[in-house]
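Chemist: below are the sequence and a predicted model; questions follow.
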Amino acid sequence: MGQIVIVAYKPKPGKEQALKQLMRTHLTRLKQEGLVTDRQSIIMEATDGTIIEVFEWLSAEAIANAHNNQAVQQMWAEYAEVCDYVPLNTLKEAGDMFAGFTPFN
């Protein structure tokens, strides 16, 4: 059974465009490793520049396997260079009844 996750990526100063470029390849790279479903991700941007992504892992086992996958480890290292992962509740929009974000694409 799949598992839908929501992740918030806060770009490091001066790394906004590099993060956006990585976001364009994120799901494809996970698909190449057989770790996510065919469901399209939803990517959006908060007012502070944080990028939010909603996507579906293939299973809990796929999530565990990602932690031992060299291609995923390399990708996560690329993300670490350009952003920090932040909790959703730190975004201003998360306090709104209907959290609204700007579409990424």
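Modeler: Nice, thanks for sending it over.
Chemist: tell me where the protein has strands.
Modeler: According to DSSP state E, the chain carries its strands in the segments 3-11, 42-45, 51-57, 83-86, 102-103.
Chemist: so what touches the last one?
Modeler: Where contact means Cβ atoms under 8 Å, 6 or more residues apart in numbering, the residues beyond strand 102-103 that reach it are I43, M44, E45, A46, T47. To be clear about C-beta, it is placed using only N, CA and C from the backbone, and glycine gets the same treatment.
Chemist: how about a cut-off of 7 Å?
Modeler: Applying Cβ atoms under 7 Å, 6 or more residues apart in numbering, the external contacts of strand 102-103 come out as M44, E45.
Chemist: how far out from the middle of the chain is it?
Modeler: Centroid separation for strand 102-103 versus its chain: 14 Å, with Cα atoms, centre = their mean, to the nearest Å.
Chemist: who does that strand pair up with?
Modeler: Sheet pairing for strand 102-103, assigned by DSSP bridges, gives strand 42-45 (antiparallel).
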